[in-house]
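J.: kindly generate the corresponding structure for this input.
(2 chains)
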Amino acid sequence: MRRSRLLLVLAAGFAKPVLAQAPAPSQNATLRQALQAYDNVDFARAIALARRALLERMSGPDQARAYELLGFAYSATDSQVKAVDAFKQTILLDPDRELDPRRISPKITSLFYSALGQVLVVRQLKVDSARFVGGQGSLPIRFTVTSPARVRTRAVSGAASLLVDSAVVTGTVNVRWPARLPNGDPVPAGDWLIVVDATAGQNSFSASQPVRIVHGTVDTLPHLTSLPGYQELPETEIAPQSWRPVGLAFLYTGGALVGTLGLESASLGSSSKRELGIVGGAALVTGFVMMLRKPAARPAQGNILYNKLLHEQIVRRNQDIAKENVTRRQQVQLTIAPLSKPSGAGR
Amino acid sequence: MRGTGGRAALVVLALALGARPALAQQVTLGPQFVLASYREVTSGLRYQGTGIGGALSARYRRFSAAAAVSRVSFDPTSGSSADTGFTATQVDAWLAYDVAAYASLEAGITHRGADPEFDAQSVGAVRVGARAFSEIGAGATMSFRADYLAAPHFSGGGRAPVSIDLGLELDVRLAGRLHGTAGYEFQRIDRKTNPGGTGEIDAPIEQSLARAGLTVAF
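T.: Alright, predicted model coming up:
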């Protein structure tokens, strides 16, 4: 008798944390007594009180807690079949129910998962928030089907029902909804319901997740004023000071002097070179001044060509952006956000 | 001869002015001060003088046109065998086409008339030559030209198998549209005459001419 008592205490010790993590106290007095009896390791009384509570009027969550308590109590008393049956009822009432394998004994956890494999439910239906341009994205939907079944995923709003996916699946399923009508247009804005129907023979289960779809305008692209990484180059450059001006002045003046000396007629004698001296002197002085002056900016042909190409590229890019913006102004940005599930969703 | 020179000057000016609307990319116009030396036949016949003139030029793309007129009063230099001076009116005109960024080919006319008519030779000829030019600094351009004077005509008759005209020109932009110009021109005309049919004798003509002035660019 003492040995049996010790085993019961050990079993209850494994299960207690789960019951302790229940979010809210039960509304049903009998169920509260059953939980108290389980805490006191009086499993027979806990089973009796839980079964009596199930005969009374209780809310869905309380019913799920009562069946879960039965599952734990039957597990503790080695009534595995009854435990699995109780867990099956728990799962049917609350498909998303999970046990924390770090805090629950492997024995109870294995019985829970055994029950999970014997019922057909759609669990963990999750719809992510998404924002995309109509026709260019999709809404991720994922859920878990506990048994092989024909699963149809639909999006429903009023009389409209759009089939998202239909397949025979089991386990974790990922589908994507492009949020488009059969004619390709984006779905109308408003509240939609993502419904997952699972059917296997006589068994069927349905889970749903409401979402809200909002239409918005698609952002247009700004026009470019420059290309990243490419900067305009100065179109003029200052040449370094050089001897070129005075050199050219010497060259030209020397040419005139040599030409004059060479062409002078011997019979007329040598001329005074007064005129050449005046003009040649002015040319040499000008050349000297030009040599000392800061050279004027001159066009940098390579840079001018580079800037021209850069401008042409920017113009071409802006033309593409303008075309893209025309398209974007005709598009619709869909923002899809999941709404909180109404209580008792599923089944 | 004097009447012919006047007509030639008018023709050149009319051509330049008439072409102005079409060549309207740049037109320059301005007065000039002229300094000149003139020698003829022998080393003892020498003149020097000063005068005034004007220049007109136009450019359109690769084409350019220019005309210059000067009127110089020559007086015999010291030691010259001449007794009296004379006044020379010279008209030069060019049409040029740029064959490169630094060179052009040109053709034109030159005519110099003397007053009194027989105190010096009046001469007219066709110019054919080439010009080299360079920008030696901001707004400063120099050019050197060499023209062959073809088909010369002289008031005193004769012929000239070799006649050359050299020129050196400087143009500096002083401020805005105002330019300062200076030019040197040397003419060597190897004239030969045959007075009385006794055989040809040399009667060369040389003139050095310097121009300095201001032009306004339009």
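
J.: and A:Asp100, how many residues sit next to it?
T.: 10 (other Cβ atoms under 10 Å in any protein chain shown). (Each C-beta comes from the backbone N, C-alpha and C, glycine too.)

J.: which SS state does it fall under?
T.: coil (DSSP: H, G, I helix; E, B strand; the rest coil).

J.: B:Thr198 versus that one, what's the distance?
T.: Going from A:Asp100 to B:Thr198 by Cβ to Cβ, to the nearest Å gives 142 Å.

J.: same thing with A:Tyr67?
T.: Counting by Cβ to Cβ, the gap from A:Tyr67 to B:Thr198 is 154 Å.

J.: okay, now residue 59: neighbour count?
T.: I'll assume chain A. 13.

J.: correction: the question concerned chain B.
T.: 18.

J.: got the contact list for the closest residue to it other than its chain neighbours?
T.: Using Cβ to Cβ, 6 or more residues apart in numbering or on different chains and skipping the chain neighbours, the partner closest in space to B:Arg59 is B:Gln26 (4.9 Å). Counting by Cβ atoms under 8 Å, 6 or more residues apart in numbering or on different chains, B:Gln26 touches B:Ala58, B:Arg59, B:Ala217, B:Phe218.

J.: list the helices and strands the helix or strand hosting B:Leu56 packs on?
T.: Element membership of B:Leu56, judged by DSSP states H and E, is strand B:42-60. The contact analysis (3 or more Cβ pairs under 8 Å, 6 or more residues apart in numbering or on different chains; DSSP states H and E) places strand B:42-60 against helix B:2-19, strand B:26-40, strand B:63-76, strand B:86-100, strand B:205-217.

J.: gap between the spatially most central residue of chain B and A:Arg154?
T.: Nearest to the geometric centre of chain B sits B:Asp92, at 4.5 Å (Cα atoms, centre = their mean). According to Cβ to Cβ, B:Asp92 and A:Arg154 sit 100 Å apart.

J.: got the phi/psi numbers for the residue nearest to A:Ser242 when sequence neighbours are not counted?
T.: In space, and not counting its chain neighbours, A:Ser242 is closest to A:Met291: 7.3 Å by Cβ to Cβ, 6+ apart. A:Met291 adopts backbone torsions of phi -70, psi -40, taken as degrees, to the nearest 10.

J.: just give me the longest helix of chain A.
T.: helix A:301-329 (DSSP state H).

J.: got the buried residues for that helix?
T.: A:Asn307, A:Leu310, A:Ile314, A:Asn318, A:Ile321, A:Asn325, A:Arg328 (16 or more other Cβ atoms under 10 Å in any protein chain shown).

J.: find the closest residue to chain B in the stretch 101-250 of chain A.
T.: A:Pro245 (4.1 Å; Cβ to the nearest Cβ).

J.: okay, and the beta partners of B:Ala88?
T.: B:Val72, B:Ala114 (DSSP bridges).

J.: B:His111 is in contact with that one, correct?
T.: No - the pair B:Ala88 / B:His111 is not scored as a contact, 10.4 Å apart, by Cβ atoms under 8 Å.

J.: who's more crowded, the two?
T.: Remark: of B:Ala88 and B:His111, B:Ala88 carries more neighbours, 28 against 22, as counted by other Cβ under 10 Å.

J.: the residue of chain B found nearest chain A: neighbouring residues, count only.
T.: Proximity of chain B to chain A (Cβ to the nearest Cβ) peaks at B:Gly137, 2.9 Å away. The number of residues packed near B:Gly137 is 24, by other Cβ under 10 Å.
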